[in-house]
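S.K.: What follows is a predicted structure for the sequence shown.
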Amino acid sequence: MNSFSIALLIIGVTFDLFGCIGLIRLPDIYNRLQSATKCVTLGTCSILLSLFIHYGFTPVGIKALIAIPLLFFAATVGAHALSRGSYIYGIKMTDKTIRDDYKKEFKK
Amino acid sequence: MKYITLFICMLLLWLLLTFNLHSANIIIGIVASLVVMMLFGNKFFKDWQKFYNPLRYLWGIVYLIFFIWECLKANFDVAYRVLSPKMPIKPGILKVKCTLKSDIAKTFLANSITMTPGTITVDVIDNHLFVHWIYVSSQDPNVYTKKIAGRFEKLLKKVFE
Amino acid sequence: MSNDNQTPEGMTIVVKKICQFMAPTIFLFGIYITVHGHLTPGGGFTGGVIMASAFILQILSYGSFLDKLQQEKWHLELTESLALLCFLMLAVLGLLLATTSVFFGNFLHRGSFGELISGGIIPIGNIFVGIEVCAAISSIFVALLIFKDKEA
Amino acid sequence: MINILLYVLIFLSFVCFIRILFGPSMADRMVAIDIFGTLVVGICVLLVYKTGRLFLIDIAIAWILLSFIGTITLAKYLTRKKLDE
């Protein structure tokens, strides 16, 4: 195995680990979405990229390359829709919140 | 015309997905793209001319490199906030004005904001984005608009408008 | 400037714009799984479910009015029945044309192992099963929506 | 090497299960399900390395697309709309 793809694998799993620690530690749902979406998406993208580097321009490598933008769009749009949905559902933000502009728009 | 654009995109995606150039594979790909074109063509992007402008792809590559750099910064930022024992968070939802006009550019701005340091787009209403920020460093509208949206808008205007 | 999709129903503009190229991609991937059913895991049923989920994504993100959905339901049921009929015809053709003369007998050239055109009638049967499952699952989704509205 | 990384990812999916079991509200559980779907893609790719079965990447792509639809459905359910409006 190529050493560069091993390095990408280890980086990816480490970022997944950070994301899941954030999922447990952070106080409310919006902050959890922040950590989880960013870290886990980049970690998994890095794992897929390592597959592309290991197999090169073969069908498997190209499929791994196609999966990266799909995963990216799926994660960002999912995070956006989930945060909007949970605000409308009425889930409170944490006590440390210092400013909320969306409440005025939502009252109308 | 947007039907033909969808057809070309789907054929390219099929050829990448199967990755061989046998004649049987190409014929099945053309049939499959025709089926997709018939079923989903009327909902595809109306401004199809943008697909045939090579300059946009060039700016797209520049944007991609810039975006990957921002994305890496975002990850180290979140990792720092998660791992430090005091958890330095000061969250809030801010109203950010964006100067982009077209819908597709707004969509990509929202997606880019979601992947950059400490911000996530909650809603898009007309010309305003509602952004959840994990560490609100300043409450002045000019400063935070420039900090959140300003760095992408110039490039996105060249790519999508 | 294209504000053509800014309608009150459905989800936000971000979801709609992403859905414009995500739904065709999902459908194409379903076709890929169906056509390669005899070479890789998956096949008619799996590909049909993925194809149906493209329609479900479109209904979810754009929103759709109920009477329009009822029209769609008629089309879907027709498609499902026709695909099932074609599958049955394929089986009967095996009875007539194949040298062994059995139900589902193979009457096509077998091809060589690992190629796309191989496996005799199995890929064609897969395609018909895919269309049938796609129409069936979409019509289940539409039927659930219609019945829920009538109950309430 | 691959085994250790695979164990780490499986442990992380159990962490997601903790959030699904004890999440204070419904939305927290949905976030955990979304993250779990992304972790499974990583597990699929590591299984490609471990077993050499190249078709597992197809399953990974299918998982990405189907978990996207699941997330959108749950998010729409949270906004108290009917699913077809």
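M.R.: That came through fine.
S.K.: Find the nearest non-adjacent residue to the residue in chain A positioned nearest to chain C, please.
M.R.: Nearest to chain C, among the residues of chain A, is residue A:77, at 4.9 Å (CB to the nearest CB). All C-beta atoms are positioned from the backbone trio N, CA, C, and that covers glycine. Using CB to CB, 6 or more residues apart in numbering or on different chains and skipping the chain neighbours, the partner closest in space to residue A:77 is residue C:18 (4.9 Å).
S.K.: Now do the helices in the chain.
M.R.: Picked chain A for this. For chain A, the helices defined by DSSP state H cover A:3-25, A:29-35, A:41-55, A:59-89, A:102-107.
S.K.: Hmm, no, I was thinking of chain D.
M.R.: Ranges of helices in chain D, per DSSP H, are D:2-22, D:26-51, D:56-78.
S.K.: low-scoring stretches of chain B, by residue?
M.R.: Low-confidence regions of chain B, defined here as pLDDT under 70, do not occur.
S.K.: Nearest residue to the middle of chain A?
M.R.: With distances taken as CA atoms, centre = their mean, the residue of chain A nearest its centroid is residue A:37 (2.2 Å).
S.K.: Which residues are in contact with that residue?
M.R.: A:75, A:76, A:78, A:79, B:114, B:115, B:120 (CB atoms under 8 Å, 6 or more residues apart in numbering or on different chains).
S.K.: 6 Å instead, please
M.R.: A:75, A:79 (CB atoms under 6 Å, 6 or more residues apart in numbering or on different chains).
S.K.: What separation is there between it and residue A:67?
M.R.: As for residue A:37, its distance to residue A:67 is 17 Å (criterion: CB to CB, to the nearest Å).
S.K.: and what of residue B:64?
M.R.: In this structure, residue B:64 lies at 17 Å from residue A:67, with CB to CB as the measure.
S.K.: can you check residue B:150 too?
M.R.: Computed with CB to CB, the distance linking residue B:150 and residue A:67 is 32 Å.
S.K.: Looking at these two, which has the bigger crowd around it?
M.R.: Using other CB atoms under 10 Å in any protein chain shown, the more surrounded residue of residue B:150 and residue A:67 is residue A:67, with 27 against 15.
S.K.: Could you find the closest non-adjacent residue to the closest residue to chain D within chain B?
M.R.: Among the residues of chain B, residue B:17 lies nearest to chain D; the distance is 8.8 Å by CB to the nearest CB. Nearest residue to residue B:17, sequence neighbours excluded (CB to CB, 6+ apart): residue C:32, at 5.6 Å.
S.K.: Let me see the contact set for the one residue sitting closest to the centre of chain C.
M.R.: In chain C, the residue lying closest to the centroid (CA atoms, centre = their mean) is residue C:134, at 2.8 Å. Contact partners of residue C:134, counting by CB under 6 Å, 6+ apart, are C:48, C:51, C:52.
S.K.: Does residue A:22 touch residue B:82 like I think?
M.R.: Yes. Assessed by CB atoms under 6 Å, residue A:22 is found in contact with residue B:82 at 4.1 Å.
S.K.: shared neighbours of those two, which are they?
M.R.: residue A:35.
S.K.: Give me the more crowded residue out of those two.
M.R.: Between residue A:22 and residue B:82, counted using other CB under 10 Å, residue A:22 has the larger neighbour count: 26 against 23.
S.K.: mind listing what the more buried one touches?
M.R.: By CB under 6 Å, 6+ apart, the contact set of residue A:22 is A:35, B:82.
S.K.: Quick one, grab the pLDDT at it.
M.R.: Residue A:22 carries a pLDDT value of 84.
S.K.: likewise residue A:13?
M.R.: Predicted confidence (pLDDT) for residue A:13: 91.
S.K.: and chain D, which residues reach chain A?
M.R.: D:5, D:8, D:12, D:15, D:19, D:25, D:27-28, D:31, D:34-35, D:38, D:41-42, D:45, D:54, D:57, D:61, D:64, D:68, D:71-72, D:75, D:78-79 (CB under 6 Å from any CB of the partner chain).
S.K.: Kindly give a single PyMOL line that selects the buried subset of the residues you listed.
M.R.: Buried subset of the residues of chain D next to chain A, written as a PyMOL selection, criterion 16 or more other CB atoms under 10 Å in any protein chain shown:
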select buried, chain D and resi 5+8+12+15+19+27+28+31+34+35+38+41+42+45+57+61+64+68+71+72+75+78
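S.K.: Now do the helices for chain B: every range, in order, please.
M.R.: Counting by DSSP H, chain B has helices at residues B:2-18, B:23-40, B:54-83, B:103-115, B:141-145, B:151-160.
S.K.: can I get the ones you listed in TSV with distance to residue A:102?
M.R.: Output for those, formatted as TSV (distance: least, CB to CB, whole Å):
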stretch	distance to residue A:102
helix B:2-18	35
helix B:23-40	33
helix B:54-83	22
helix B:103-115	14
helix B:141-145	15
helix B:151-160	21
